[in-house]
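Visitor: predicted model follows, preceded by the sequence.
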Amino acid sequence: MQTQLAPQFINTHDGNEAARILGKCVHCGFCTATCPTYQLLGDELDGPRGRIYLIKQIAEGQAVTEKTRLHLDRCLTCRNCETTCPSGVQYGQLIDIGRKWAEQSTAPRKSSERLTRWLLKEGLTRPALFNSAMALGRLVRPLLPSELKRKVPINGVYTNQIKTDNVVSVAPVKQAARTTMLVLEGCVQPGMLPNINQATQRVLSRLGVDLISAPKAGCCGALRYHLNDQDGGLEAARRNIDAWWPYVDGSNPVSAIVMTASGCGVMVKDYGHLLAQDPHYAAKAKRISELTKDLAEILPNYTDDLVALLGSNPKSGVVYHPPCTLQHGQKIRGKVEGLLESIGVPARLCADSHLCCGSAGTYSVLQPALSGQLRQQKLDHLQRTYEDSNATAIVSANIGCITHLQQEKMPVLHWVEIVDQLLVDATQARVSEAA
């Protein structure tokens, strides 16, 4: 697809990037078959190919309307189309450019929309504010409507199957030759579901990994960046790079930067690309992206140790929901299921496991109707598999999916919480036998 850039975009970074990405598209339409919004709405402009045409029109200087912005807003940025595309179109990068141009070229949004977006950017990315709001939410939880109640877990976990007092005396498997890794704790995860980070630390400690957090690291920047505050998103990236760099470039460098939320991971892995034009941060950003690993890339390296601790005998099964940010954004597939299976936990996928659940960062707030349809569609598929397989939980790898899919009859957890609980149970069983 050839693009004749409008004068204002010639010799600009965004213009050159857009033209390069647009040039890969061959109009085949394979992407529409796996686009959740196209499947729901049946409108070409609500599928990747249609949105690509809209962005091409903007790049060539055609008038941008609020309707254009609406179709771009409706995109989940799930990047399923990238997985499907035979030509390697980097749609995720293109949609960010298109949204930025559309926002700059249209009238300001309604005041209510601007307020909602501001609250999301400021409230969710500031742990002090968010944690206070979460504490208040727990106090009034019985009075909350069901939609809000399911986003307010009582004790940092959504089910009593997982014990939040897991801080038992568990000796590490490896006392010597330990390694150190950084972890990004996240914006909302410590206040909403702290057991995810705690479970990760306990599991890795058993395997000889000391997990540390840089005090000055904060939000990964994804939320601001995808809400068209791209400058704010990049500032968050620079702040994290500055916070992590002493641990990366010091005398005892960390071996990895661990992500327990795949939505954060896909953003941090993109720092190298996003800051490639920044002479002060380009090299550092590239190094940070190279070191960043999702937990699903770390734990499989310790499969033998986990099998030695837990055995491979059959255990209660789970249904695994792979987040889009993991399977399409980071291109990580099969690792979570493989690890769980190796320790005897059957892990089943539901029908259409490649499709988005509708969470998509702030999408569930900004596009509640479409998000709600996708959620119900996903829950229907999950419930069938949950019942057919006699699973005891649904597991995922991203806090957004976990909170979005939550309902009382089918608890949704982070998969590392299952591993952690098995380790605690195994340790307690050995202690009981010894006694």
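Guide: All right, it came through fine. Numbers count the residues shown, from 1 in each chain.
Visitor: list the contacts of the most centrally placed residue in the chain.
Guide: In the chain, the centroid-proximal residue (CA atoms, centre = their mean) is Gly263; its distance is 1.9 Å. Neighbour list for Gly263: Cys220, Ala222, Pro323, Thr325, Gly361, Asn398, Ile399, Gly400 [criterion: CB atoms under 8 Å, 6 or more residues apart in numbering]. For every residue, glycine as well, the C-beta is placed using N, CA and C.
Visitor: can you do 7 Å?
Guide: Ala222, Thr325, Gly361, Asn398, Gly400 (CB atoms under 7 Å, 6 or more residues apart in numbering).
Visitor: tell me if I am right that it is in a strand.
Guide: No. Gly263 sits outside any strand when classified using DSSP: H, G, I helix; E, B strand; the rest coil, being helix.
Visitor: now it. Nearest residue, chain neighbours left out?
Guide: Thr325 (4.6 Å; CB to CB, 6 or more residues apart in numbering).
Visitor: doesn't Met259 make contact with the one you found?
Guide: No. Judged on CB atoms under 7 Å, Thr325 makes no contact with Met259 at a distance of 9.7 Å.
Visitor: intersection of neighbour lists for those two?
Guide: Gly265.
Visitor: quick one: the helices in the stretch 201-350 of the chain?
Guide: 222-226, 230-248, 262-268, 271-274, 282-291, 295-298, 303-310, 324, 335-342 (DSSP state H, counting those that start in this stretch).
Visitor: which of the residues in the fifth one are buried?
Guide: Of the residues in helix 282-291, those with enough neighbours to count as buried (16 or more other CB atoms under 10 Å) are Ala282, Lys284, Ala285, Arg287, Ile288, Ser289, Leu291.
Visitor: reformat those residues as JSON lines; add pLDDT and distance to Ser251.
Guide: Listed next are the buried residues of helix 282-291 as JSON lines, based on pLDDT from 0 to 100; distance: CB to CB, whole Å:
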{"residue": "Ala282", "pLDDT": "97", "distance to Ser251": "24"}
{"residue": "Lys284", "pLDDT": "98", "distance to Ser251": "18"}
{"residue": "Ala285", "pLDDT": "98", "distance to Ser251": "22"}
{"residue": "Arg287", "pLDDT": "98", "distance to Ser251": "16"}
{"residue": "Ile288", "pLDDT": "98", "distance to Ser251": "18"}
{"residue": "Ser289", "pLDDT": "98", "distance to Ser251": "23"}
{"residue": "Leu291", "pLDDT": "98", "distance to Ser251": "16"}
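Visitor: pLDDT-wise, which helix or strand of the chain ranks last?
Guide: helix 146-149 (a mean of 70; mean pLDDT, DSSP states H and E).
Visitor: moving C-terminal of the longest strand anywhere in the chain, what's the next helix or strand?
Guide: Assignment by DSSP state E gives strand 179-184 as the longest strand of the chain. Remark: after strand 179-184, the chain's next helix or strand is helix 189-192, criterion DSSP states H and E.
Visitor: what's that next one packed up against?
Guide: The contact analysis (3 or more CB pairs under 7 Å, 6 or more residues apart in numbering; DSSP states H and E) places helix 189-192 against helix 127-139, helix 194-206, helix 399-404.
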